[in-house]
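[1] only the shape, not the letters, is given here:
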């Protein structure tokens, strides 16, 4: 999903493993909102592209820290948030830990 973006990131000065990517993502969100409020749709599109770039870099950084892939992270989020999306949005740390552990074990088979 993000392979091409990460390939381009590898060619740029900050590289792929950018621990500041999350901070940059927040800054891009603010620039997107500013561009939209100014009626600059083309500028907002470029800020949207920046947001996708820094989101990809941030997810790559998180995956690297955990020794997993981005698709693994997505599967873990799906396992966890399938529980949270139940009626009443229950937060159950034990069940969430069990769900993500089971998903990771399944992915490592």
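    Perfect, I can see it now. In this text, all values refer to a predicted model and were calculated from it rather than measured experimentally.
[2] check which helices and strands the helix or strand that contains residue 74 sits against.
    Under the criterion of DSSP states H and E, residue 74 resides in helix 70-84. In this structure, helix 70-84 makes packing contacts with helix 41-66, helix 93-108, judged by 3 or more Cβ pairs under 8 Å, 6 or more residues apart in numbering; DSSP states H and E. In this view, the C-beta of every residue, glycine as well, is placed from N, C-alpha and C.
[3] average pLDDT for the last one, rounded please.
    When you say that, I think you mean helix 93-108. Confidence for helix 93-108, expressed as mean pLDDT, is 95.
[4] and for the longest one?
    Helix 41-66 comes out with an average pLDDT of 97.
[5] what about residue 105, how many neighbours?
    By other Cβ atoms under 10 Å, 9 other residues sit near residue 105.
[6] gap between it and residue 73?
    Relative to residue 73, residue 105 is positioned 15 Å away (Cβ to Cβ, to the nearest Å).
[7] out of the helices and strands packed on helix 70-84, deepest packed?
    Most buried of these by mean neighbour count (mean count of other Cβ atoms under 10 Å) is helix 41-66; its value is a mean of 16.
[8] in three-state terms, label residue 39 for me.
    The three-state label given to residue 39 by DSSP: H, G, I helix; E, B strand; the rest coil is coil.
[9] if you could redo that for residue 17, that was the one I meant.
    What three-state DSSP gives for residue 17 is coil.
[10] okay, it: pLDDT?
    95.
[11] what's the burial count for it?
    For residue 17, using other Cβ under 10 Å, the count is 14.
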